[in-house]
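In: pasting a predicted model and its sequence here:
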Amino acid sequence: DGGITQSPKYLFRKEGQNVTLSCEQNLNHDAMYWYRQDPGQGLRLIYYSQIVNDFQKGDIAEGYSVSREKKESFPLTVTSAQKNPTAFYLCASSMSGSGIDTQYFGPGTRLTVL
Amino acid sequence: KQEVTQIPAALSVPEGENLVLNCSFTDSAIYNLQWFRQDPGKGLTSLLLIQSSQREQTSGRLNASLDKSSGRSTLYIAASQPGDSATYLCAVGGITDKLIFGTGTRLQVFP
């Protein structure tokens, strides 16, 4: 059963803690993406990766970090430097990063800072 | 800088109506435009992808059109059903390889 999985579904973080959100895909896609969704603001791109061991900052990368050691995995770490991390986080993948392919999305992780 | 706007922000219609959702973008230099559906608390599901060389795409009761010169796309939903209730997002893909999203139209179809 091909697709994108994200875990956990809900995540609670205390202020000052780093947390890591998992994203895995078995679609054999080269490109992967992380978005943040806030109410009334649509999706904003945090980081994206077009190939293993390479990634680029999106529009709101400050306070976040990523790695791409394997084609299937693109974890996102929300660091304590992110001032307002409470949001819904969505991971996506596409066959290539050329901009012409459909992006497929995971079910999302809702992060709440206590 | 590309900006994507969706109007209306919310729409409530009775079952059976045909309806149109609008998406506009400021920079016509796009590769494609995609329409997504998002159910509450869920991820996005791709509905239709229109390449820049195409004028429209159809899937079942859905039809999406693209007019690059005017910076507009419409999503037409025929014979709406309560199961169509969701938020519909459009996104523009451009030379930067990124998708730029609109803020969505929240649709409610009541029986």
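Out: In hand now; what should we look at?
In: and the lowest-mean-pLDDT helix or strand in chain B, what does it pack against?
Out: Sorting the helices and strands of chain B by mean pLDDT, DSSP states H and E puts strand B:99-101 at the bottom, at a mean of 91. Other elements packing on strand B:99-101 under the criterion 3 or more C-beta pairs under 8 Å, 6 or more residues apart in numbering or on different chains; DSSP states H and E are strand A:42-51, strand B:86-94. (Each C-beta comes from the backbone N, C-alpha and C, glycine too.)
In: who's in contact with the first one?
Out: Pointing back at strand A:42-51 there. By C-beta atoms under 8 Å, 6 or more residues apart in numbering or on different chains, the residues outside strand A:42-51 that reach it are A:30-38, A:55-61, A:64, A:66, A:68, A:74, A:76, A:89-90, A:96-97, B:4, B:44, B:89, B:91, B:97-99, B:101-104.
In: got it, and the last one?
Out: For strand B:86-94, the external contacting residues (C-beta under 8 Å, 6+ apart) are A:42-43, A:99-100, B:2, B:4, B:6, B:21, B:23, B:25, B:27, B:29-40, B:44, B:47, B:73, B:75, B:99-107.
In: phi and psi next, for the residue nearest the centre of chain A.
Out: By C-alpha atoms, centre = their mean, chain A has its centre lying nearest to A:W34, at 2.8 Å. When read as degrees, to the nearest 10, the backbone of A:W34 gives phi -120, psi 130.
In: bridging residues for it?
Out: Listed beta-bridge partners, A:W34: A:Y47, A:C91 (assigned using DSSP bridges).
In: check A:K57 too.
Out: A:Y47.
In: returning to that earlier point: surely the residue nearest to the centre of chain A and A:L76 touch.
Out: Yes. Using C-beta atoms under 8 Å, A:W34 is in contact with A:L76, at 4.8 Å.
In: if you count neighbours, what's buried in stretch A:86-101?
Out: A:87-94, A:97, A:99, A:101 (16 or more other C-beta atoms under 10 Å in any protein chain shown).
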